[in-house]
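Visitor: Test case, fold it:
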Amino acid sequence: MNEDIFELFKSVEASRIAVVYKGDCISFGKLAKISEQLALSLKKIGCKKSAVVGFLLKESPELIYSLLAVAKIGGAFFSINVKYPKRTIQEVILRTTPKMLIVDPLFIPKLGILKNKIKKSIRFSSRIHLLSFELDRKISREKDTFAILFTSGTTDTPKGVYHSQQDFIFVGERCFSVWEIRGQERFLSCIPLFSAATLGCILIPSLCYGQTLVLPEGRGTISLVKAVNEEKTSFIIGTPTSFIKIMRFLDETNQKILVKKIRGTVTGATIAGGFVQQIEEKAGIELYPHYGMTELLAVTSVSTHGDFSTVGKPLKDINLQIAKNGEILVKSPAMTSGYLENNLSPLVRDGWFHTKDNGMLDKNRNLKILGRMDDMINRGGNNIYPSEIENVLNECPFISCSGVIGAPDPTYGEKVVAFAVPTDSHIRREKIRAFLSDRLPIFKIPDEIIFIKRIPKTESGKVIRKGLKLGYAKLRMKSD
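Guide: Model prediction:
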């Protein structure tokens with residue numbers, strides 16, 4: 001596999017539609033022309049092969065032009081969420097030390113004092129300005145690095161993860177094969193374009209193999225459903241939360257998905273039993289769960305004929321095993337070459353990546369995810385995964401969202417604490433416990449249930465337990 005992303009992209013028929021945005025259809029030919037012009041402008045401003053280029057752009061065609069331009073010159077990119085506060089944007093830039101920043105002029109004020117580090121600035125278009133930086137610090141990385149992706153950061157500062165173009169080509173080709181992507185599908189992402197899942201499974205393979213990417217006008221449920229119906233989207237990627245919101249919106253508004261056959265993949269958090277069937281029955285979307293993480297992109301997936309209660313088998317040429325302690329270990333050609341600020345060696349031993357996820361293989365060798373090893377609660381000698389309690393809590397009609405943590409307890413060592421967003425402000429905890437008692441063993445029923453307005457989550461739908469633990473500690477301090 002010696003092709004690069006831009007070569008594969010250029011091999012697609014020029015008349016095919018690559019991107020749909022605000023009703024406009026952008027062909028592969030037009031996308032190639034603009035991205036080649038942008039690559040030339042990057043070179044003129046001093047951007048050489050292997051240079052790091054940052055994106056500070058809305059989720060728009062400009063992001064796609066920029067990605068392809070960096071791929072063409074052989075550079076490396078990272079993308080900054082424009083919704084971040086000024087301080088966070090500056091911190092990301094200082095950590096990654098880009099040679100260049102491709103920015104929408106609307107967001108230049110967010111650079112703050114870093115505007116003093118700009119060496120040169122040119123205007124490529126009304127929505128793309130190229131800024132050349134002079135930053136003191138330099139980072140070490142592999143020469144073939146194409147992307148610096150950031151982990152979800154549920155327990156600590158998000159890590160910058162390196163990936164090559166070949167990593168994305170490898171994963172994209174295998175995902176498309178398992179999902180039997182044929183013809184010209186129309187893809188929609190319910191999660192940010194530059195998450196590892198969207199990049200590896202949808203965005204880059206769609207550019208390489210001639211599919212169409214639909215860019216919604218925002219990620220609200222109304223915008224997503226509108227994009228599906230108006231643009232005849234046929235394949236969606238999202239988290240469990242994304243699909244639950246779509247299902248509830250359709251139910252509350254008495255609307256329907258108008259596309260006759262719509263498929264998708266779900267990732268990012270532990271998937272509850274029966275979830276896939278529920279989404280198909282109520283929203284008409286056939287889902288193929290997959291398992292992955294930023295360091296590995298996609299690892300497994302359910303095929304179109306698979307067992308939907310699991311996350312499927314490893315993709316072709318990926319090896320997977322379960323360690324004695326239940327940890328999922330992975331060997332993959334798409335494994336990261338390293339981290340922005342850390343050495344990879346602590347997570348890789350004897351060629352196996354230690355995921356820190358617990359899992360098991362069923363009799364058919366399909367993988368079931370049990371939860372994060374760090375999240376496990378030991379209550380009186382019983383090991384409890386927070387996700388298995390959350391899955392049941394989220395089925396409760398009195399709760400819209402939940403998060404579960406372990407907290408110190410003098411009797412059991414740890415106790416189970418559930419945070420829940422109630423659908424009814426007058427609901428009593430006894431009703432919730434009664435609902436759980438029919439579905440969980442007694443030692444898994446939360447010792448405490450705390451009502452809050454919002455559960456902190458990452459963009460990929462994972463509960464930020466560190467935030468819940470800090471909140472719980474503050475509550476206990478107040479009560480003491």
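Visitor: Which neighbouring elements make contact with the strand or helix carrying residue 167?
Guide: Per DSSP states H and E, residue 167 falls inside helix 165-178. If you count contacts as 3 or more Cβ pairs under 8 Å, 6 or more residues apart in numbering; DSSP states H and E, helix 165-178 packs onto helix 5-10, strand 145-150, helix 204-209, strand 297-301. Yep, even glycine has a C-beta here, placed from its N, CA and C like the rest.
Visitor: Same list, the ones you listed, but as JSON lines with distance to residue 105 and mean pLDDT please.
Guide: Formatted as JSON lines, the helices and strands packed on helix 165-178 follow (distance: least, Cβ to Cβ, whole Å; pLDDT from 0 to 100):
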{"stretch": "helix 5-10", "distance to residue 105": "26", "mean pLDDT": "97"}
{"stretch": "strand 145-150", "distance to residue 105": "24", "mean pLDDT": "94"}
{"stretch": "helix 204-209", "distance to residue 105": "26", "mean pLDDT": "96"}
{"stretch": "strand 297-301", "distance to residue 105": "33", "mean pLDDT": "95"}
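Visitor: just the CA coordinates of the helix or strand residue 368 falls within, formatted as PDB?
Guide: Under the criterion of DSSP H and E, residue 368 resides in strand 367-372. The C-alpha coordinates for strand 367-372 follow below in PDB (Å, rounded to 0.1, in the frame of the first residue of the first chain):
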ATOM      1  CA  LEU A 367     -15.300  -8.400  21.100                       C
ATOM      2  CA  LYS A 368     -17.500  -7.000  24.000                       C
ATOM      3  CA  ILE A 369     -16.300  -3.900  25.800                       C
ATOM      4  CA  LEU A 370     -16.800  -3.900  29.500                       C
ATOM      5  CA  GLY A 371     -15.400  -0.500  30.500                       C
ATOM      6  CA  ARG A 372     -12.300   1.400  31.300                       C
END
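Visitor: can you tell which of the helices and strands packed on helix 165-178 is closest to residue 478?
Guide: Residue 478 lies closest to strand 145-150 among these, at 33.7 Å (Cβ to Cβ).
Visitor: can you state the direction angle for that closest one and strand 297-301?
Guide: On the basis of axes from the mean of the first three to the mean of the last three Cα atoms, to 10 degrees, strand 145-150 is oriented at 80 degrees to strand 297-301.
Visitor: name the helices or strands packed onto strand 145-150?
Guide: In terms of contacts (3+ Cβ pairs under 8 Å, 6+ apart), strand 145-150 is packed against strand 76-79, strand 160-164, helix 165-178.
Visitor: Contact partners for the closest residue to residue 273 other than its chain neighbours?
Guide: Leaving aside its sequence neighbours, residue 273 sits nearest to residue 309 (Cβ to Cβ, 6 or more residues apart in numbering; 5.9 Å). Taking Cβ atoms under 8 Å, 6 or more residues apart in numbering, we find residue 309 in contact with 273-274, 276, 368.
Visitor: how close does residue 309 get to residue 80?
Guide: Distance from residue 309 to residue 80, counting by Cβ to Cβ, to the nearest Å: 38 Å.
Visitor: what's the neighbour count on residue 276?
Guide: Using other Cβ atoms under 10 Å, residue 276 has 22 neighbouring residues.
Visitor: What helix or strand is it located in?
Guide: Take DSSP H and E as the rule and residue 276 turns out to sit in helix 275-283.
Visitor: who does that helix touch, helix- and strand-wise?
Guide: Using 3+ Cβ pairs under 8 Å, 6+ apart, the elements in contact with helix 275-283 are helix 240-253, strand 262-266, strand 285-287.
Visitor: Which other helices and strands does the shortest one contact?
Guide: For strand 285-287, the helices and strands in contact under the criterion 3+ Cβ pairs under 8 Å, 6+ apart are helix 240-253, strand 262-266, helix 275-283.
Visitor: ok, now with 7 Å
Guide: Counting contacts by 3 or more Cβ pairs under 7 Å, 6 or more residues apart in numbering; DSSP states H and E, strand 285-287 packs against strand 262-266, helix 275-283.
Visitor: buried residues in the longest one?
Guide: The neighbour-count criterion (16 or more other Cβ atoms under 10 Å) identifies 275-276, 278-279, 283 as the buried residues of helix 275-283.
Visitor: now do stretch 101-114
Guide: For stretch 101-114, by 16+ other Cβ under 10 Å, it's 101-104, 107-108, 110-111, 114.
Visitor: export stretch 173-189 as PDB, just CAs?
Guide: Extracted in PDB, the C-alpha atoms of stretch 173-189 (Å, rounded to 0.1, in the frame of the first residue of the first chain):
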ATOM      1  CA  GLU A 173     -10.100   0.700   3.200                       C
ATOM      2  CA  ARG A 174     -10.900  -2.000   5.800                       C
ATOM      3  CA  CYS A 175     -13.900  -0.200   7.300                       C
ATOM      4  CA  PHE A 176     -15.400   0.400   3.900                       C
ATOM      5  CA  SER A 177     -14.900  -3.300   3.000                       C
ATOM      6  CA  VAL A 178     -16.600  -4.500   6.200                       C
ATOM      7  CA  TRP A 179     -19.500  -2.100   5.800                       C
ATOM      8  CA  GLU A 180     -19.800  -3.000   2.100                       C
ATOM      9  CA  ILE A 181     -19.600   0.600   1.000                       C
ATOM     10  CA  ARG A 182     -20.400   0.600  -2.700                       C
ATOM     11  CA  GLY A 183     -21.600   3.100  -5.300                       C
ATOM     12  CA  GLN A 184     -21.700   6.700  -4.100                       C
ATOM     13  CA  GLU A 185     -22.900   6.800  -0.500                       C
ATOM     14  CA  ARG A 186     -23.600  10.100   1.200                       C
ATOM     15  CA  PHE A 187     -21.900  10.400   4.600                       C
ATOM     16  CA  LEU A 188     -22.800  12.500   7.600                       C
ATOM     17  CA  SER A 189     -20.900  12.900  10.800                       C
END
